[in-house]
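Undergrad: no sequence for this one, just the structure:
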């Protein structure tokens, strides 16, 4: 790869063509899919990631290699952009605030990250606006957990307040006997934790909301997500829900993103429980796995709308252009090189769109790609997506 | 830009992720749009172009800078690919044959280019299969042109046999008095020329055909194209035609691509004349401007199908997923930097998709981008595409 290191000066002599210079902090698949939406709009895209072989850097030649937790690196990166955006919620808000104070445009903003990257503060923020969330409480000791159980009942979910994803940072406690193991697993002595009432949901739902710099919002259709081992496995779009509940879920998602002052595309996860009630599980201040289906299934994808939002351009319409869509993640199963197998079999199926992320190595549970299938019915879309995903493997066969 | 020059060794140490290494000769917008379709399929894309700032090289960091007319450069480029494909019909077939003889996979093949890059041979090949083409004849002197007029009548179109595009290399002769000017303009003493009977068409049509390495073919809907100053200005999809004529146009296009042994996506231009007859105007052995609408309007675009075809993968379905689409090219008007203006106004329109090619400089007639709009009716699609295109300009306002 021929990338600038963070010590190099970036060649800026040829940007006369660019509609905007978009910097993305993080170079994983979310940055890659965002870049693939930004390039047709004439953006010059750069990413900041620790390795020059990140999925996004492979198609963003001017990218910077460096640690985004280092304020000096971030400042140098931002200097060559018009807008900095984020592919994850882990960049410390304080570091983003330094960028803003230096005059850089950062979306979502440091203020938004302060309200979202700590799950306890996020839940406080949503609850303060009257939005429904499961009962929650910050805990500083195993005794606090036991006290919360007295108030909320069992089971409880113990969570790290920061840096959790794909189930990492979550531990379900079924009784008091589980508290020591949970406290140890999540390193309660070192990390700030919270507990939540365990939600006995009927369905897990998600809504992508894009909010512009002017506060305008659009919401994508409500989808149903199915997790496997705490990782998103399958997304059905649209969710099979009574119309009024879909309207309610969409409204809650818009209110949640507005409550945190979000700008860009955000993923809002909700629980749907049996009596027909909804609760917000959590909100991610970034494009979201549950919205990958929008690339082919919606008029304007979550990625293009994210680019439009952070650059201050008008938002595109979010309606589906197919009756049904299903998205299945392609996960690694073993530690191996990530060369794909079975692509031709997958592409032989009608209505199938394959997205590979160009990660160098596979690992168990690592997201290496996804498949979206459109169909005339939900069953048709699902069958196609599952068949295509089943055909594709990585590295040497098991 | 951080690109390999043709003297550098390309870093191949990290291709474990790639589903295939696709090399594209030429780095313009057709290569860029092809790369944008190949990247999601996990391909490592490289382009070979004289400048490192070509539209495609901006998103293909491993690309090679060099002259593709130089066989040694091409050989070095091909050595780092699994398949070499072309974005234009100008690479000499003899040079491609050397690549093939060295063991490289080249699609479309040298044999196909021999039958297509010389318009006289192309027409001979199509006519020999019984396919309808306007009357044509090779001409070696102005006297030959006059003799052809005696056989075909006036007007005639004088053409260079090679390297013409967007009307460059064409000259319409309305009477014998025009022959000297045409002969001089096309440099008949230096270039091989042909003449064709002038076709008084009612509509100009185009069909994209993709043909696989196994000979399987798919055809996209027949579209109507409108030229302005010999450059494609507008594409309507589908064309407003009696159903049987659309079937016939599609069949002719498939036969034409099969006749030349094409592999990949090819553009076939046809004339529709008043009594309801069709003639093949010409065939381009590459993805084609008349097929840009397929990115949003069809299940699998001409670009993805080109990638699938040349890599030996199954072809995707070509049906439209919207009732109507219109595509308008964005052309430069003056010599200036090519920074776009008016993007926000264009993006405010519903159903509009903007594609900018990231060319550094604008020039009169230079293709700098295109707009595709979908609509429920042809009139709606057209109005949206025209409005979006009218909003976008480049460089400083006129």
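TA: Yep, it's here. Note that the structure is predicted; figures quoted are calculated from it, not measured.
Undergrad: and residue A:115, which helix or strand is it part of?
TA: helix A:110-116 (DSSP states H and E).
Undergrad: for chain A, give me the ranges with low pLDDT.
TA: Residue ranges of chain A with pLDDT under 70: A:1-14, A:396-398.
Undergrad: and the top helix by length along chain A, what does it pack against?
TA: The longest helix of chain A (DSSP state H) is helix A:243-259. On a contact count with 3 or more C-beta pairs under 8 Å, 6 or more residues apart in numbering or on different chains; DSSP states H and E, helix A:243-259 meets helix A:119-128, strand A:201-211, strand A:217-219, strand A:264-273, strand A:277-284. All C-beta atoms are positioned from the backbone trio N, CA, C, and that covers glycine.
Undergrad: sheet partners, orientation included, of the shortest one?
TA: Each strand paired with strand A:217-219, and its direction, by DSSP bridges: strand A:201-211 (antiparallel).
Undergrad: how many residues are close by the closest residue to residue A:274 other than its chain neighbours?
TA: Residue nearest to residue A:274 in three dimensions, not counting chain neighbours: residue A:202, with 5.1 Å by C-beta to C-beta, 6 or more residues apart in numbering or on different chains. Counted with other C-beta atoms under 10 Å in any protein chain shown, residues neighbouring residue A:202 total 13.
Undergrad: and residue A:175, by the same measure?
TA: Using other C-beta under 10 Å, residue A:175 has 10 neighbouring residues.
Undergrad: ditto for residue A:275
TA: If you count neighbours by other C-beta under 10 Å, residue A:275 ends up with 6.
Undergrad: secondary structure element for it?
TA: With DSSP H and E as the test, residue A:275 turns up in no helix or strand.
Undergrad: give me the domain ranges for chain A.
TA: Listed by automatic domain parsing, the domain ranges of chain A are A:4-106, A:135-197, A:201-394.
Undergrad: mind checking which of the ones you listed is nearest residue B:67?
TA: Proximity to residue B:67 (C-beta to C-beta) singles out domain A:4-106 among these, at 20.2 Å.
Undergrad: ok, that closest one near chain B or not?
TA: Yes. Domain A:4-106 reaches chain B (C-beta under 8 Å from any C-beta of the partner chain) through A:4, A:11, A:14, A:16-19, A:36, A:39-42, A:44, A:53, A:57-62.
Undergrad: which of the residues you listed are buried, as a ChimeraX select command?
TA: Those of the residues of domain A:4-106 next to chain B that count as buried under 16 or more other C-beta atoms under 10 Å in any protein chain shown are selected in ChimeraX with:
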select /A:4,14,16,17,18,19,36,39,40,41,42,44,53,57,58,59,60,61,62
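Undergrad: and the residue most central in space within chain A, how close does it get to chain B?
TA: The residue lying closest to the centre of chain A (C-alpha atoms, centre = their mean) is residue A:288, at 3.1 Å. Going from residue A:288 to chain B by C-beta to the nearest C-beta, to the nearest Å gives 18 Å.
Undergrad: what lies in contact with the longest helix of chain A?
TA: The contact list for helix A:243-259 (C-beta atoms under 8 Å, 6 or more residues apart in numbering or on different chains) reads A:115, A:125-126, A:129, A:131-132, A:205, A:207-209, A:211, A:215, A:217, A:219, A:221-222, A:238-239, A:241, A:266, A:268, A:270, A:272, A:276, A:278, A:280, A:283.
Undergrad: let's see 6 Å
TA: Identification of contacts with helix A:243-259 by C-beta atoms under 6 Å, 6 or more residues apart in numbering or on different chains yields A:125-126, A:129, A:131, A:205, A:207, A:209, A:211, A:217, A:219, A:222, A:266, A:268, A:270, A:278, A:280, A:283.
Undergrad: stretch A:111-120 too?
TA: Under the criterion C-beta under 6 Å, 6+ apart, residues A:89, A:93, A:96, A:122, A:125, A:138, A:161-162, A:194, A:260-262, A:285 lie in contact with stretch A:111-120.
Undergrad: repeat that with 8 Å
TA: Residues outside stretch A:111-120 that contact it (C-beta under 8 Å, 6+ apart): A:86, A:89-93, A:96, A:108, A:121-122, A:125, A:136, A:138, A:159-162, A:164, A:192, A:194, A:259-263, A:282-285.
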